[in-house]
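Q: just coords:
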């Protein structure tokens, strides 16, 4: 092998190594992530801290999806899976009114093509915090949404899944919504 | 004293300059660079070039998809963030051009570095970083992933991806990585490309999180936070350190392989460590949550990398400039470069001072002429280091041409009184500088308020 050819082979091997590392990070890590189970059982009836000082008692039978859950000091996200339905809670600082928060959540939902919301209605937590609750539809799935605002913090809740499974979950979901508590965390 | 007085007659170089100079005492790198078209043809023959093409194609597709969705959902917010962060990159590019003054890297390679950071590293880091944070949440806890995920995944994944860009450039154009400064510059450009695209994505995410309506406010806040508070010691500087390490390992053949690898590893670890520290939750609350406390915490996290980066580049530049100064001095031809000019040429501050002096004496034309002479002298020094043939002759003629232009101006100026900057113009400059400082302070203050400081 001449020196020029040897240089070419070295260059090809080094290029493959670079390509390999990039591919490992871009595709290998997501594959590894998907291969690890994300579900964790949650204790029944025990409040779970979503973020800041907001807690919720998840619907009975729910499992926490740790990949979609990120609790933080002043905000947080929690993702629960129960009977094929995904329940997402998003907590964050918010300085507007409840109506504005509800409009914001509806805007986020309808931003996705094919999603439609129905007019919302008033709901209330066991703590006495007023909120708005409604439903939305998307191709093949239906969803419930709710929003609460207190102490300059908003809690947005969306639950989506196949229609018959969501309908079966509604009583437990309603019960869970009532357990949203502000100032309940550390 | 006129320019003519400063240029005593001297012997013209005889024969190829390098032959007379002998081997330079401090070789910068290997092998010598090739001339334009020949070098371009040789790129096409390297497998690394085709690897780059594939990765760029994937990067364009993935980043294009992200930006396309952003433009579709938030056209105004996305457009403003693209414009703001593109403008933000300009001072960095100008600074890098000043650092890379003597032996400028070819524009296509500079663009390649920027594109690697903005397309390849960013697109791979988005999926890889998110996956690594999920893995942390699964193996440790969601709380741990929230607090330490950005530090572990951000520093680990992103620094590897970015420094690979310098390796890729060395594989495609090895001859253009022939000094630690080159690695620093390529690394900085890769980091800058990454920083710009990442910041645009962050700005659009901020718009989405802030109610989902297409507005500019969250973009401006992101610009202030990531541009002013975090931007000075961010990806550009981190990757510059890593890139300098790669270049050191490649060019310092006067050191053992072990030493070269150890230095490269140490600089990569420094880049990784500074990035980790910056992203970590340590000192995240500042000292007492006041604006001053928050600022102090940011400085404690950011200043060390700035000190290491500046120290490194000053040392590397000193070595490089000493090498090129010796090239010009070896000609012993004051028509090409006087000792004072050589001293000024290799120091950014003195280069600028020489232009200012020429402006005071000869007006803007004089400053322009000195700038052109300096540029021609730098090109000649580089030509002397590479090819003792036609390129040196061409560059020498260019220097002499620029010298004649300057002399002509000098003679004209000798017949007119020395120009002084009018008081009004001087006052305008002072006011403009004060305004820039005030805007900077205002920006930092607004950013701190947005961060939650009082």
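A: Happy to help now that I have it. Remember, predicted model here, so these are calculated numbers, not experimental data.
Q: Can you pull the phi/psi pair for residue B:335?
A: phi -70, psi -30 (degrees, to the nearest 10).
Q: my guess is it meets residue B:402, correct?
A: No - using C-beta atoms under 8 Å, residue B:335 is not in contact with residue B:402, being 11.0 Å away. For the C-beta atoms, the positions are set from N, CA and C on the backbone; glycine is no exception.
Q: What segments of chain A are strands?
A: A:39-41, A:48-51, A:54-56, A:63-65, A:70-71, A:76-82, A:85-93, A:116-117, A:121-124, A:130-138, A:141-150, A:153-161 (DSSP state E).
Q: For chain B, see how far away the residue positioned nearest the centre of chain A is.
A: Against the mean C-alpha coordinate of chain A, by C-alpha atoms, centre = their mean, the closest residue is residue A:88 at 3.7 Å. Distance of residue A:88 to chain B, given as C-beta to the nearest C-beta, to the nearest Å: 14 Å.
Q: most tightly surrounded among the strands of chain A?
A: strand A:54-56 (a mean of 25; mean count of other C-beta atoms under 10 Å in any protein chain shown).
Q: Need the contact partners of that one.
A: Contacts to strand A:54-56, defined as C-beta atoms under 8 Å, 6 or more residues apart in numbering or on different chains, come from residues A:47-50, A:76, A:78, A:89, A:91, A:153, A:155, A:176, A:179-182, A:184-185.
Q: now the strands of chain A as TSV including mean pLDDT and distance to residue B:398?
A: Listed next are the strands of chain A as TSV, based on pLDDT from 0 to 100; distance: least, C-beta to C-beta, whole Å:
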stretch	mean pLDDT	distance to residue B:398
strand A:39-41	93	70
strand A:48-51	95	64
strand A:54-56	96	70
strand A:63-65	97	66
strand A:70-71	96	59
strand A:76-82	96	62
strand A:85-93	95	61
strand A:116-117	88	69
strand A:121-124	94	79
strand A:130-138	92	67
strand A:141-150	93	69
strand A:153-161	95	66
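Q: Which one, of those strands, ends up nearest to residue B:178?
A: Closest to residue B:178 of the strands of chain A is strand A:70-71 (C-beta to C-beta; 45.8 Å).
Q: Point out the other helices and strands that that closest one packs with.
A: Here strand A:70-71 touches strand A:48-51, strand A:76-82, helix B:142-149, going by 3 or more C-beta pairs under 8 Å, 6 or more residues apart in numbering or on different chains; DSSP states H and E.
Q: Can you lay out these as JSON lines showing distance to residue B:435?
A: Output for these, formatted as JSON lines (distance: least, C-beta to C-beta, whole Å):
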{"stretch": "strand A:48-51", "distance to residue B:435": "41"}
{"stretch": "strand A:76-82", "distance to residue B:435": "42"}
{"stretch": "helix B:142-149", "distance to residue B:435": "40"}
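Q: quick one on the thing from earlier: between the strands of chain A, which one is nearest to residue B:166?
A: strand A:70-71 (32.9 Å).
Q: And the strands of chain A: which comes nearest residue B:47?
A: strand A:70-71 (41.4 Å).
Q: if we can go back for a sec, quick one, which of the strands of chain A is nearest to residue B:64?
A: That would be strand A:130-138 among those, by C-beta to C-beta, at 26.0 Å.
Q: now the angle from that closest one to strand A:141-150?
A: 160 degrees (axes from the mean of the first three to the mean of the last three C-alpha atoms, to 10 degrees).
Q: and residue B:408, that one's in a strand?
A: No - in this structure, residue B:408 is helix, not part of a strand, as judged by DSSP: H, G, I helix; E, B strand; the rest coil.
Q: And for it, the neighbour number?
A: 14 (other C-beta atoms under 10 Å in any protein chain shown).
Q: Could you check how far it is from residue B:368?
A: For residue B:408, the distance to residue B:368 equals 13 Å [C-beta to C-beta, to the nearest Å].
Q: How is chain B partitioned into domains?
A: If you go by automatic domain parsing, the domain ranges for chain B are B:36-317, B:332-420, B:427-454.
Q: Please tabulate the ones you listed in JSON lines, including the columns distance to residue A:103 and mean pLDDT.
A: Shown next, in JSON lines, are the domains of chain B (distance: least, C-beta to C-beta, whole Å; pLDDT from 0 to 100):
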{"stretch": "domain B:36-317", "distance to residue A:103": "8", "mean pLDDT": "91"}
{"stretch": "domain B:332-420", "distance to residue A:103": "55", "mean pLDDT": "86"}
{"stretch": "domain B:427-454", "distance to residue A:103": "23", "mean pLDDT": "67"}
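Q: so which of those gets nearest chain A?
A: domain B:36-317 (3.7 Å; C-beta to the nearest C-beta).
Q: quick one, what contacts the residue nearest in space to the middle of chain B?
A: The centroid of chain B falls nearest to residue B:96 when counting by C-alpha atoms, centre = their mean (3.1 Å). Residue B:96 sits next to B:185, B:188-189, B:192 when contact means C-beta under 8 Å, 6+ apart.
Q: isn't residue B:379 right up against residue B:402?
A: No - checked against C-beta under 8 Å, the pair residue B:379 and residue B:402 is beyond contact range at 10.3 Å.
Q: Find residues that contact each of those two.
A: In contact with both residue B:379 and residue B:402: no residue, using C-beta under 8 Å, 6+ apart.
Q: hey, which helix is longest across the chain?
A: In the absence of a named chain, chain A is used. When chain A is parsed with DSSP state H, its longest helix is helix A:3-23.
Q: nope, chain B please
A: Assigned via DSSP H, chain B shows its longest helix as helix B:291-331.
Q: near chain A, anything from that helix?
A: No - counting by C-beta under 8 Å from any C-beta of the partner chain, chain A has no neighbours in helix B:291-331; the shortest distance is 14.7 Å.
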